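A.B. asks: sequence-free structure coming up:
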């Protein structure tokens, strides 16, 4: 409930702040501003880039190369966590950057009032270079407000190869039911917990449920966004119930699943103390920060999975998108778009090589030294389903309600109702049609 009230307060404050600070003399969006030369000299132009603690330094290779090529300077400003709450507060107070990392999903973009605050990026030359999934991100009401600079996180199953070999597993599951059956085989044969679940950090609790929601389809989310469907839909309640009964209560998670952390998960999976971890690409980043490509390739595998087939799920996060603000300074606004054109143009190959990222542009090959787990995720993206954050106009904090469930404070039906209540309240505050 505190989270809901905070979101509602931020929406109201930001809307009022924009009304008070609006400047009818600001420049229009990029569609009327003309194309930019990504390598053009703009000596003396100074830009600011807001970043979360988790994305601090991510853009540094591109910033350094852009500054060398153009003469501009870009300063990073770290906004303290929780980023998604503190950014709207800063904007409502009248502060505004030139560029900012922000989650390019329709559930999160609205919190920074893109129509009022951001330059539109339709028609920029890099848009057509993006992959199919990436082209669908960063859009609100048919207009593009975010450049996609890194691949959306992929949700799937990381597994310890030695544990799978010890359990005699030679074929990967082809749907969620087969995954649960495989987990029982591991429990019986390998002597380690099949799944490592993360109740301590809470946010990874949603992934077992998210995988099961992959069968809901576009029609369900379209109805949900118009208040014609509900988070209390039997399919959602059943998915939550399955997680509780078939994973947690069935003993398929490690004994300390209520308190274990994300860091613990990566350590135990790599060391073979657990067989599988359902997580997104942040888990991949954790592995790459601690182990070489050769060590990861030898120890860890990855496969996609969903409720009915072996497709994966993609999950946008704030490291994937860069937005360019309307500041009222035409020179800086154009320079912001020039940085995006450089990053996704002549500077892109060097950027992803420096950061060991998979490419969001099919014509730009992935870096040669990526682990096989990262390559498998990139290969799974074109056929992946979106997690609910990619489809719903409001992304409720299901993980918090699930944390209450694992401590016995909520039933699966009450978890679903908590999501519905938060979704409805925030959608009403946003003025969404049908609410």
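C.D. replies: Cool, the structure landed. On a predicted model such as this, the values are computed, not experimentally measured, just so you know.
A.B. asks: how about the helices in the stretch 201-350 of the chain?
C.D. replies: 206-212, 217-224, 234-242, 262-271, 281-290, 293-299, 330-343, 348-355 (DSSP state H, counting those that start in this stretch).
A.B. asks: repeat that for the stretch 1-150 of the chain.
C.D. replies: With DSSP H, counting those that start in this stretch as the criterion, the stretch 1-150 of the chain has helices spanning 2-21, 60-70, 83-92, 114-117, 132-135.
A.B. asks: I figured residue 365 hits residue 359, correct?
C.D. replies: Yes - the pair formed by residue 365 and residue 359 meets the contact definition of CB atoms under 8 Å, at 6.5 Å. Just so you know, the C-beta spots here come from the backbone N, C-alpha and C atoms, and that holds for glycine as well.
A.B. asks: who's more crowded, those two?
C.D. replies: residue 359 (23 against 12; other CB atoms under 10 Å).
A.B. asks: what lies in contact with whatever helix or strand residue 427 lives in?
C.D. replies: Here residue 427, judged by DSSP states H and E, is contained in helix 412-430. Applying CB atoms under 8 Å, 6 or more residues apart in numbering, the contact partners of helix 412-430 are 3-4, 7-8, 11-12, 110, 224, 227, 230-233, 236-237, 240-241, 243-244, 392-394, 396-398, 400-402, 404-405, 410, 435.
A.B. asks: buried members of those residues into ChimeraX, please.
C.D. replies: Those of the contacts of helix 412-430 that count as buried under 16 or more other CB atoms under 10 Å are selected in ChimeraX with:
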select :4,7,8,11,110,224,230,231,232,233,236,237,240,241,243,244,392,393,394,396,397,398,400,401,402,405,410,435
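A.B. asks: residue 107: neighbour count?
C.D. replies: There are 21 residues near residue 107, going by other CB under 10 Å.
A.B. asks: what sits closest to residue 218 if chain neighbours are left out?
C.D. replies: Among residues not flanking residue 218 along the chain, residue 391 sits closest, at 7.5 Å (CB to CB, 6 or more residues apart in numbering).
A.B. asks: what are the phi and psi values at residue 318?
C.D. replies: phi -70, psi -20 (degrees, to the nearest 10).
A.B. asks: next, count neighbours for the residue lying closest to it once chain neighbours are set aside.
C.D. replies: In space, and not counting its chain neighbours, residue 318 is closest to residue 103: 4.5 Å by CB to CB, 6+ apart. Using other CB under 10 Å, residue 103 is surrounded by 28 other residues.
A.B. asks: avg pLDDT for stretch 131-140?
C.D. replies: Stretch 131-140 carries an average pLDDT of 94.
A.B. asks: so, low pLDDT: which residues of the protein?
C.D. replies: 1-34 (pLDDT under 70).
A.B. asks: hmm, try it at 50
C.D. replies: Across the chain, the ranges flagged by pLDDT under 50 are 1-2, 5, 12-13, 15-32.
A.B. asks: how about stretch 402-421: buried residues?
C.D. replies: 402-403, 405-406, 410, 412, 414-421.
A.B. asks: repeat for stretch 265-277
C.D. replies: Neighbour-count burial for stretch 265-277, with 16+ other CB under 10 Å as criterion, is recorded at 265-266, 268-270, 272, 274-277.
A.B. asks: ok, stretch 305-320 next?
C.D. replies: Buried-residue list, stretch 305-320, by 16+ other CB under 10 Å: 305-307, 310-320.
A.B. asks: show me which pair in the residues you listed is furthest apart.
C.D. replies: Maximum pairwise distance among the buried residues of stretch 305-320 (CB to CB): 28.4 Å, between 310 and 318.
A.B. asks: so residue 39 sits right up against residue 342, yeah?
C.D. replies: Yes - using CB under 8 Å, residue 39 makes contact with residue 342 at a distance of 7.0 Å.
A.B. asks: shared neighbours of these two, anything?
C.D. replies: With CB under 8 Å, 6+ apart, residue 39 and residue 342 have common neighbours 69-70.
A.B. asks: which one's more surrounded, the two?
C.D. replies: residue 342 (25 against 14).
A.B. asks: if I look at the residue lying closest to the more buried one once chain neighbours are set aside, how far off is residue 346?
C.D. replies: Leaving out its chain neighbours, the residue that sits closest to residue 342 by CB to CB, 6+ apart is residue 38, at 4.0 Å. Shown here: residue 38 relative to residue 346, a distance of 6 Å by CB to CB, to the nearest Å.
A.B. asks: how about the helices of the stretch 201-350 of the chain, which one is nearest residue 165?
C.D. replies: Closest among those, once you apply CB to CB, is helix 293-299, at 11.4 Å.
A.B. asks: how far does the closest one sit from its chain's centre?
C.D. replies: Counting by CA atoms, centre = their mean, to the nearest Å, helix 293-299 is centred 25 Å from the centre of its parent chain.
A.B. asks: again, but for stretch 387-401
C.D. replies: 11 Å.
A.B. asks: how long is it from one end to the other?
C.D. replies: End-to-end span of stretch 387-401 (CA to CA, to the nearest Å): 17 Å.
A.B. asks: let's number from 279 now, not from 1
C.D. replies: Sure, I'll start counting at 279 from here, so that last one is stretch 665-679.
A.B. asks: who's in contact with the residue nearest to residue 582 when sequence neighbours are not counted?
C.D. replies: Ranked by CB to CB, 6+ apart and with sequence neighbours excluded, the top spatial neighbour of residue 582 is residue 590, at 3.0 Å. Taking CB under 8 Å, 6+ apart, we find residue 590 in contact with 432-434, 582-584, 655, 658-659, 661-663.
A.B. asks: please redo it, this time with the cut-off set to 6 Å
C.D. replies: 432, 434, 582, 658, 662 (CB atoms under 6 Å, 6 or more residues apart in numbering).
A.B. asks: just the ones in strands from these, please.
C.D. replies: 432, 434 (DSSP state E).
A.B. asks: can you report how many residues neighbour residue 566?
C.D. replies: Neighbours of residue 566 (other CB under 10 Å): 16.
A.B. asks: ok, it to residue 611 distance?
C.D. replies: With distances taken as CB to CB, residue 566 is found 35 Å from residue 611.
A.B. asks: go on, residue 332?
C.D. replies: Residue 332 is 27 Å from residue 611, by CB to CB.
A.B. asks: what count of nearby residues applies to the residue nearest to residue 628 when sequence neighbours are not counted?
C.D. replies: Of all residues not flanking residue 628 in the chain, residue 343 sits nearest, at 6.4 Å (CB to CB, 6+ apart). Using other CB under 10 Å, residue 343 has 17 neighbouring residues.
A.B. asks: just residue 702 next, same as before
C.D. replies: Residues near residue 702, counting by other CB under 10 Å: 18.
A.B. asks: I appreciate the help and will end here.
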